[in-house]
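Novice: structure, please.
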Amino acid sequence: MPWFPVKKVRKRMKLLLLLLLLTCAAWLTYVHLSLARQGRAMRQRPGHARDGEKLADVTDGRGIQGAPSTQRAEDSSESREEEQAPEGQDADELFPGGAGKPPPLNLTHQVPKWQEKFKGQVNLHVFEDWCGGAVGHLRRNLHFPLFPHTRTTVRKLAVSPRWRNYGLRIFGYIHPARDGDVQFSVASDDNSEFWLSLDESPAAAQLVAFVGKTGSEWTAPGEFTKFSSQVSKPKRLMASRRYYFELLHKQDDRGSDHVEVGWRTYLPGLKFEVISAAHISLYTDESSLKMDHVAHVPQSPASHVRGHLPKEESSADMLRPDPRDSFFLTPRIEPWSLESVLEPCAYAPTYVLKDFPIARYQGLQFVYLSFVYPNDYTRLTHMETENKCFYRESPRYLERFGFYKYMKMDKQEGEDGEEEQQRRAFLFLSPEDFLDEEDEGELLDSLEPTEVGPPRSGRRPPTPPLAEREPELSASHGPQSRHSRALRWAMRPLSLFLGHAPPPRAAEKPPAKVYVTRVRPRPRVSPRGPAWPPLAGVLLRARAVPRAQLRAPRPRRRSRGPPGTEPPAPSTLGAPQAHAPTPDVNSSAAAQPMTSFLSLSQVSRPQLLAEGEGEEEDRAPGDEVASEDSEEDAAGRVPGHWREDAIDWQRTFSVGAVDFELLRSDWNDLRCNVSGNLQLPEAEAVDVAAQYMERLNARHGGRFTLLRIVNVEKRRDSARGSRFLLELELQERGGGRLRLSEFVFLRVPGAHARGEEGGSPEPPPAASTRPDSRPELCRPLRLAWRQDVAVHFIVPVKNQARWVVQFLADMASLHARTGDSRFSVILVDFESDDMDVERALRQARLPGYQYLRRTGNFERSAGLQAGVDAVQDPSSIVFLCDLHIHFPPSILDSIRKHCVEGTLAFAPVVMRLGCGSSPRNPQGYWEVNGFGLFGIYKSDFDRVGGMNTEEFRDQWGGEDWELLDRVLQAGLEVERLRLRNFYHYYHSKRGMWGTRSRRGTREEPA
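Specialist: Numbering: from 1, shown residues only. I've put the predicted structure just below:
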């Protein structure tokens, strides 16, 4: 048993007790410091700040604070409870599978060397021309966070560029003036976020304060305590260290843009002060770096929240999966094995304009559209909230009356036949209201111009545009053509471009006219008509529908003025008096007031009778009801005078199926930019596929089985026949799945085709017509596409580093996803000084590339011509391209299928995305007027003369239309289709093509 020095312990008991007390004091001091760093120091009431106000805590995205038991003491006040769920999403939604933590991110842990000269300013990155007011909108920007529009610096954390639709990323270091607890607050218009790190590493940044999440929140300048989320918890900072921070700000097109960050010592009564230049420094010096150098740009959790977001849900039908998107990966049947399946026939459609003189820029009027089966959902149905040009009705009519005329209300028991006659006379047409072929003149006569007086505002009403051309219907749609007249009886025309009528000529000033659509007169039952006759007409005006007045207008008194004059009729819809039609003194309806169905439908028949019984005196002509409140007061003074409108919730109606696709023609519709590809009837597509499969199996002994019809494209020629592109998925007996993609021709019986030289017509083969005189398929000569042809993308560039990097990344991704190495990229660089384009091309993983350098100003025509001249093989395809394009994986296959040497060129329609829109949530319209994206064989391009480099030297815009004119005159067809997932990114012209902006000027985005 060891000896224990009891006597020595007794002698030194006081010293041991003193040591124990010192140890306890040290432990208590440590606990106190830990609590103080977490903002719970007991120097004042816990949870309260200056002036006794409650301290604002930053909660998570669901508005719930994290549990204290899950916090780490060493994390201070930047614990996990302050981290926001991105965009208000639940953690389980962000990381499916219950992982509980995000995947590893490419965060910056190694910071660049800091220098003393960096003090006094911080880094500022600007992302221009991007809509939305939420920081989440900024993270959806294609170039965020590595490729901003502008890199600069700022000298204090208070920025107000007085601009619109932009986003800011401000980052650097904060240098505290002294040790202690500091509170931060951020104020902005619109949303903003302030992130702070515990040290100088961007990877440790955490969200400490923010203004809003939806884009609708904002504060006034210097308003640091409007929202609870603006103020951070106290942070323990040391003057000997520097702390990385990041400030994100998003501004829309409204309000007074500003963002500022304030701080204060965590003591009662102190106010926030903007962080000045004395306490900030740069993260790194970017003044000598080019825009494509991005290795130095810090990547923090603030800039990578986008990586946590789930896939955006969009209402666009075009985003749904379609077999066309990946059908190009299926092995194709060799074309040589299909040559003997169909009889050969000459192919010379009548719509080809070989050597036909056309006016300048009128070639787009001679481009025809193709029909597609099955539905590819290229119609932008999600954009038809405001743009309803797909329907052939007048936009003014639809805005006012909607689609009620397609509905026939069911007659109920005891319903007044007279009211039914009034309602049906205007909207719910009976079968006899449909005009026959011989009644076309009456339809034109029903649109009668009515003179109107001068408007009160001094402005002349707009002159109605010219009558639009009626769409052509195919022969198979004959039965529907008669009933489709109901869709056009109130149709108003639109202009050629985007629905705006051209301004009237200055020399001609015809009197203002208002077109009134009148219904057919019906025989009267008795000489004495009802108190309110059927509606005489409807006034079509581009004016919002006002509130219907509660009192029906009384019949006007006889005029006591000079003979032949009458007072103006009162307006029942609240419209200006000058826009009401002037009645004819010789007409029998001159004594009746002009009204509309809306006022009659909202004022019931019993109300009209009560109105006539209750009022003894007529109002003077032109008198109008002051307001709804005054009417309610008047109704209160006369009990029982007014009755509430009776709503018939049990009313039903009858309607027939309406196919609006039948009203569309294959003309290139330049007026509607939301309609998709023309739809081919299913019966026609199935019949053509069945005929081909019958001939295919007869030739190969039944080796193939049709699995599904992937795609059928039809180009119609009513004189000689229709051209089809058949794409079928087949199952080979004893083998795998194969792809059939061939052109076939369905020739009209008795049609003859002349050769290109204009020789004698070629007689049809003996077996080209069935016994029942139905057309039969044949193989068109000189109409076979090649799958192994090379495609060259030609793009001229100048000072667009971020877009060049994005384009090369998309091309590299296209190569990786398709495995296709038979394409190359040709960049024509006009002395770009913001990046090394040639080095970027070498580093990109492309199957082939060429770099061409030109001097001088940017010239698109000259750049494209130089790129085509660099292609050596004349039997390859050149695709004149733009830099701001998002390509679908099937783009190479689409270009090859629709380009045939000597016969066919390809001009796909691209969807132009709107401001703030992305391919995951496309909001925009089809570029129906643009032909800048053009695919053609190099031999054909040289034959038509190439680009017009003389006329379009210092400008661009119109060179695509001029090229199209010459392509059509050379006898080539131009295939025009809307491609799925083919987008043009939104961008502006600011800073592009070497232009310089001047202070005080404002340039509109493109």
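
Novice: what's the helix or strand for the closest residue to residue 775 other than its chain neighbours?
Specialist: Setting aside the residues directly before and after it, residue 775 is nearest to residue 746 in space (C-beta to C-beta, 6 or more residues apart in numbering), at 5.1 Å. (Glycine included, C-beta is placed from N, CA and C.) Residue 746 is part of strand 737-747, with elements assigned from DSSP states H and E.

Novice: averaged pLDDT, that strand. What do you get?
Specialist: What strand 737-747 shows for mean pLDDT is 95.

Novice: show me what that strand is packed against.
Specialist: Strand 737-747 is packed against helix 682-700, strand 704-717, strand 721-732, strand 777-780, with contacts defined by 3 or more C-beta pairs under 8 Å, 6 or more residues apart in numbering; DSSP states H and E.

Novice: so which of these is nearest residue 913?
Specialist: Nearest to residue 913 among those is strand 704-717 (24.9 Å), distances taken as C-beta to C-beta.

Novice: on that earlier part again, would you agree the residue nearest to residue 775 is in contact with residue 722?
Specialist: Yes: when contacts are counted by C-beta atoms under 8 Å, residue 746 is listed as touching residue 722 (4.9 Å).

Novice: sorry, back to before: how about the contacts made by the residue nearest to residue 775?
Specialist: For residue 746, the contact set (C-beta atoms under 8 Å, 6 or more residues apart in numbering) comprises 688, 721-724, 775-778.

Novice: with residue 892 instead?
Specialist: Applying C-beta under 8 Å, 6+ apart to residue 892 gives the contacts 328, 791, 814, 818, 820, 822-823.

Novice: mind doing that once more with 6 Å?
Specialist: Taking C-beta atoms under 6 Å, 6 or more residues apart in numbering, we find residue 892 in contact with 791, 820, 823.

Novice: just among those residues, which is most surrounded?
Specialist: Highest neighbour count within these: residue 823, with 24 neighbours (other C-beta atoms under 10 Å).

Novice: pLDDT score assigned to it?
Specialist: 97.

Novice: could I get the phi/psi values of it?
Specialist: phi -150, psi 160 (degrees, to the nearest 10).

Novice: go on, the one 4 residues further on?
Specialist: For residue 827, the backbone dihedrals are phi -100, psi 130 (criterion: degrees, to the nearest 10).

Novice: so what pLDDT did it get?
Specialist: Confidence at residue 827, expressed as pLDDT, is 96.

Novice: and the contacts of residue 746, which is closest to residue 835?
Specialist: Top of the list for closeness to residue 835, among the contacts of residue 746 and by C-beta to C-beta, is residue 723 at 45.2 Å.

Novice: the closest one: neighbouring residues, count only.
Specialist: Neighbour count of residue 723, defined by other C-beta under 10 Å: 22.

Novice: so how far is residue 684 from it?
Specialist: As for residue 723, its distance to residue 684 is 13 Å (criterion: C-beta to C-beta, to the nearest Å).

Novice: go on, residue 15?
Specialist: Noted for residue 15: a distance of 107 Å to residue 684, by C-beta to C-beta.

Novice: who has more neighbours, the two?
Specialist: residue 684 (18 against 10).

Novice: what strand or helix carries residue 29?
Specialist: Assigned by DSSP H and E, residue 29 belongs to helix 13-37.

Novice: let me see the mean pLDDT of that helix.
Specialist: For helix 13-37, mean pLDDT rounds to 82.

Novice: which strands and helices lie in contact with that helix?
Specialist: Secondary structure elements in contact with helix 13-37, counted by 3 or more C-beta pairs under 6 Å, 6 or more residues apart in numbering; DSSP states H and E, are absent; no helix or strand qualifies.

Novice: what sits up against stretch 691-705?
Specialist: Stretch 691-705 is contacted by residues 341, 706, 726, 730-733, 777 when judged by C-beta under 6 Å, 6+ apart.

Novice: what is the nearest of those residues to residue 896?
Specialist: Each of these was checked against residue 896 using C-beta to C-beta; the closest is residue 726, at 15.8 Å.

Novice: and that closest one, how far from residue 737?
Specialist: To residue 737, residue 726 is 16 Å away according to C-beta to C-beta.

Novice: which of these two has more neighbours?
Specialist: When neighbours are counted by other C-beta under 10 Å, residue 726 comes out ahead of the other of residue 726 and residue 737, with 22 against 12.

Novice: distance of the more buried one relative to residue 407?
Specialist: Here the distance between residue 726 and residue 407 works out to 40 Å (C-beta to C-beta).

Novice: what of residue 737?
Specialist: 47 Å.

Novice: which among the contacts of residue 746 gets closest to residue 354?
Specialist: Ranking those by separation from residue 354, with C-beta to C-beta as the measure, puts residue 723 on top at 16.7 Å.

Novice: ok, the closest one - contacts?
Specialist: So, once contact is read as C-beta under 6 Å, 6+ apart, residue 723 ends up touching 715, 745.

Novice: in the stretch 301-450 of the chain, where is pLDDT below threshold?
Specialist: Low-confidence regions of the stretch 301-450 of the chain, defined here as pLDDT under 70, cover residues 305-314, 414-450.

Novice: show me where it has strands.
Specialist: 344-345, 371-373, 408-409, 447-451 (DSSP state E, counting those that start in this stretch).

Novice: before we move on, back to that, take the contacts of residue 892 and lay them out in JSON lines including distance to residue 889.
Specialist: Below are these laid out as JSON lines (distance: C-beta to C-beta, whole Å):
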{"residue": "791", "distance to residue 889": "14"}
{"residue": "820", "distance to residue 889": "10"}
{"residue": "823", "distance to residue 889": "13"}
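
Novice: nearest to residue 120 among those residues?
Specialist: Distance ranking of the contacts of residue 892 against residue 120, using C-beta to C-beta, places residue 823 first at 50.3 Å.

Novice: who are the contact partners of that closest one?
Specialist: So, once contact is read as C-beta under 6 Å, 6+ apart, residue 823 ends up touching 791, 892.

Novice: go again using 7 Å as the cut-off
Specialist: Contact partners of residue 823, counting by C-beta atoms under 7 Å, 6 or more residues apart in numbering, are 790-791, 793, 847, 892.

Novice: next: residue 724.
Specialist: Neighbours of residue 724 in contact, by C-beta under 7 Å, 6+ apart: 688, 712-714, 744, 746.

Novice: and the two most separated of these?
Specialist: The widest separation within those, taken as C-beta to C-beta, falls between 713 and 746 and amounts to 12.7 Å.

Novice: quick one: end-to-end length of stretch 881-888, please.
Specialist: Here the two ends of stretch 881-888 are set 14 Å apart, with distance taken as C-alpha to C-alpha, to the nearest Å.

Novice: state the mean pLDDT of it.
Specialist: When the per-residue pLDDT values of stretch 881-888 are averaged, the result is 95.

Novice: run through who's touching that stretch.
Specialist: 325, 793-795, 797, 800, 803-804, 807, 810, 814, 910, 919, 932-933, 979-985, 987.

Novice: partner residues bridging the nearest residue to residue 265 once chain neighbours are set aside?
Specialist: Beyond its immediate neighbours in the sequence, the residue positioned closest to residue 265 (C-beta to C-beta, 6+ apart) is residue 180, lying 5.9 Å away. According to DSSP bridges, the residues that bridge with residue 180 are residue 237.

Novice: residue 180 - how many residues pack around it?
Specialist: Other residues within reach of residue 180 by the criterion other C-beta under 10 Å amount to 16.

Novice: which of the residues in the strand holding residue 746 are buried?
Specialist: Using 16 or more other C-beta atoms under 10 Å as the test for burial, strand 737-747 gives 738-747.

Novice: can you add distance to residue 871 and give the residues you listed back as a markdown table?
Specialist: Output for the buried residues of strand 737-747, formatted as a markdown table (distance: C-beta to C-beta, whole Å):
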| residue | distance to residue 871 |
| --- | --- |
| 738 | 32 |
| 739 | 28 |
| 740 | 30 |
| 741 | 25 |
| 742 | 27 |
| 743 | 25 |
| 744 | 31 |
| 745 | 31 |
| 746 | 36 |
| 747 | 36 |
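
Novice: ok, residue 775 touching residue 745?
Specialist: No: distance between residue 775 and residue 745: 9.4 Å, which falls outside the contact criterion (C-beta atoms under 7 Å).
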